[in-house]
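K.L.:
for reference, the sequence and a predicted model appear below.
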Amino acid sequence: MTEIGHVKIAVTTNDLLQVDANFANTRQIVFYDVSQDEAEFLDCAQFKGGGRAAKRGPGGGSGCSMGDANDGDTVDQVQIRVDALEGCHVLFTLALSDFAAVSVKNRGVFPVKMEKRREVQDVIDSLQRMMKHNPPLWLRKAMRCEVRNPEFLLVQDA
């Protein structure tokens, strides 16, 4: 369980360095625990051609390796990825369909569609700035905190 003030994020990536993948066909989803001042890598879920969870990742998160289906069953790639988001609060992805966005939201995860590729560290840094200064409602909910500081309600000068 994530501590108050911490957010577990998921990032779709093919190269492990950037948000550079579409949710439905990403090769990996990496997971981080992010607070205002720190970010810790938790785990990585890896996906292959189609299939089901083969094992848990060593990082203690919800990571898994998805193997090839060998029983001839059709595999729902979107659902496999949605299931991997268990316990996450926010998903950062390059693209996702409306169906995938609804599925992710129904899982209790806030989907953030990136306009262009960004380094994972840049995404974490931006999230931390938001957490410190003026978190939007969806982020306050993810952090499981109430607005205790009325300054958050004021428009801040840039």
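P.N.:
Okay, I see it.

K.L.:
so where's the longest strand in this structure?
P.N.:
strand 39-47 (DSSP state E).

K.L.:
send me it as PDB with only the CA atoms.
P.N.:
This file holds the C-alpha atoms of strand 39-47, laid out as PDB (Å, rounded to 0.1, in the frame of the first residue of the first chain):
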ATOM      1  CA  ALA A  39      11.100   8.700  -6.700                       C
ATOM      2  CA  GLU A  40      11.800   5.000  -6.400                       C
ATOM      3  CA  PHE A  41      11.700   2.400  -9.100                       C
ATOM      4  CA  LEU A  42       9.400  -0.400  -8.000                       C
ATOM      5  CA  ASP A  43       9.100  -2.900 -10.900                       C
ATOM      6  CA  CYS A  44       8.700  -3.600 -14.600                       C
ATOM      7  CA  ALA A  45       6.000  -5.600 -16.300                       C
ATOM      8  CA  GLN A  46       7.200  -7.000 -19.600                       C
ATOM      9  CA  PHE A  47       4.800  -8.100 -22.300                       C
END
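
K.L.:
next one: that strand to chain centre, how far?
P.N.:
10 Å (CA atoms, centre = their mean, to the nearest Å).

K.L.:
paired strands for it, with orientation please.
P.N.:
With DSSP bridges as the test, strand 39-47 is paired with strand 28-34 (antiparallel), strand 64-66 (parallel).

K.L.:
quick check: buried residues in it?
P.N.:
Residues of strand 39-47 classed as buried: 39, 42-47 (neighbour count, 16 or more other CB atoms under 10 Å). Every residue, glycine included, has its C-beta placed from N, CA and C.

K.L.:
repeat that for stretch 21-37.
P.N.:
21, 23-24, 26-36.

K.L.:
quick one: find the helix or strand in this protein with the lowest mean pLDDT.
P.N.:
Least confident helix or strand of the chain, by mean pLDDT, DSSP states H and E, is strand 53-56 with a mean of 39.

K.L.:
nearest to Val90, out of the strands paired with strand 39-47?
P.N.:
Closest to Val90 of those, according to CB to CB: strand 28-34, at 8.6 Å.
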